[in-house]
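> A structural model of the following input is requested.
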Amino acid sequence: MRFFFFDAVSIGYLILLLGSGVYFTAALRGLQFTRFFYALKETLFSKGTEGEKSVSPFQAACAALAGTLGTGNLAGVATAIASGGPGALFWMELSALFGMALKYAEILLAVQYQKRNKNGELVGGPMLYIKDGLHKPKRAAFFSLACIAASFGIGNLAQSNTVAESFQLTFMTPKWLTGLWMAVLLYTVICGGVKRIGKVAEAVIPLITVVYLAGCAVILAVFAPKLPQTVSLIWKSAFSFEALSGGIFGFLTSKALRYGISRGIFSNEAG
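Presented below is the predicted three-dimensional model:
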């Protein structure tokens, strides 16, 4: 009964997030598709300059990508396939497409209710628009505490463990040593404040992105003859029923759907 309860809660949460993405996609008339290239132009090729205590649009985009490239796009996809099968890729893509509209709504609210802190830096986020927009200061405080707790899990442990595991398997480096030098590097970045974070992200993320996309292109080229078979397998696996003889709840609890949507949301941080 206990596992059934947690399954029901997790499924309801995933449906809520995906449903919110579908709602905002409809309400914004497919903004993530119709204004996609405009968003790229304003983000990556904007002439806007960074302020004295803020970052440029390009630096902000790089900082956002820094939290997803790697753990979300590499380890996240591998984990989803290992846990939910090839069909998880379909649900990851679907949740990512609809999640873009949800992410846009979140950022729009964050910008609308942003303010400057005591150091003169622009700050914003759900805690501010919950407090000032919904006028729910207690709920905003709870959200802030939840974010602090989550930073040790989805924002820290998963990433550092993935890097430590990779170094241990590849170079036989002890995990504690990898964790130590990562902590030192992280400290040298964050002690410089938002300006240094933006500068480092601006220098590192474009290179990582090019290497990542080039690696994907090489893999697709090498295995090009198997792409049709792979796409067919993903499509068939995405709609396989794994519980309750293929009933509605069985479909919703299928590993492909659950792991695909959850990893997709983890990757783009929508919701």
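
> now do the strands in the stretch 51-200 of the chain.
115-116, 122-123 (DSSP state E, counting those that start in this stretch).

> helices of the stretch 151-271 of the chain, start to end?
158-171, 175-190, 193-222, 227-238, 248-252, 255-268 (DSSP state H, counting those that start in this stretch).

> in CSV: these, plus distance to residue 95, mean neighbour count and mean pLDDT.
Placement of C-beta: from N, CA and C, glycine included. As requested, the helices of the stretch 151-271 of the chain are exported to CSV (distance: least, Cβ to Cβ, whole Å; neighbours: other Cβ atoms under 10 Å; pLDDT from 0 to 100):
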stretch, distance to residue 95, mean neighbour count, mean pLDDT
helix 158-171, 18, 14, 85
helix 175-190, 29, 12, 90
helix 193-222, 19, 14, 89
helix 227-238, 12, 14, 89
helix 248-252, 14, 14, 48
helix 255-268, 3, 24, 67
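
> low-confidence regions, the stretch 1-150 of the chain specifically.
Residue ranges of the stretch 1-150 of the chain with pLDDT under 70: 1-10, 46-54, 70-72.

> do you know which of the helices of the stretch 151-271 of the chain lies nearest residue 110?
Checking the helices of the stretch 151-271 of the chain against residue 110 by Cβ to Cβ gives helix 193-222 as the closest, at 14.5 Å.

> other SSEs contacting that closest one?
On a contact count with 3 or more Cβ pairs under 8 Å, 6 or more residues apart in numbering; DSSP states H and E, helix 193-222 meets helix 57-66, helix 175-190.

> tell me the angle of the shortest one relative to helix 193-222?
Angle between the axes of helix 57-66 and helix 193-222 is 60 degrees (criterion: axes from the mean of the first three to the mean of the last three Cα atoms, to 10 degrees).

> now helix 57-66 - C-alpha only, PDB.
What follows is helix 57-66, C-alpha atoms only, in PDB (Å, rounded to 0.1, in the frame of the first residue of the first chain):
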ATOM      1  CA  PRO A  57      22.000  37.600 -22.000                       C
ATOM      2  CA  PHE A  58      24.600  35.300 -23.400                       C
ATOM      3  CA  GLN A  59      26.200  34.700 -20.000                       C
ATOM      4  CA  ALA A  60      22.900  34.000 -18.500                       C
ATOM      5  CA  ALA A  61      22.100  31.400 -21.200                       C
ATOM      6  CA  CYS A  62      25.500  29.800 -20.600                       C
ATOM      7  CA  ALA A  63      25.000  29.700 -16.800                       C
ATOM      8  CA  ALA A  64      21.600  28.000 -17.400                       C
ATOM      9  CA  LEU A  65      23.100  25.500 -19.800                       C
ATOM     10  CA  ALA A  66      25.800  24.700 -17.300                       C
END
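
> so which elements touch it?
helix 36-44, helix 193-222.

> what about residue 134, how many neighbours?
11 (other Cβ atoms under 10 Å).

> backbone torsions only: list them for it.
phi -90, psi -10 (degrees, to the nearest 10).
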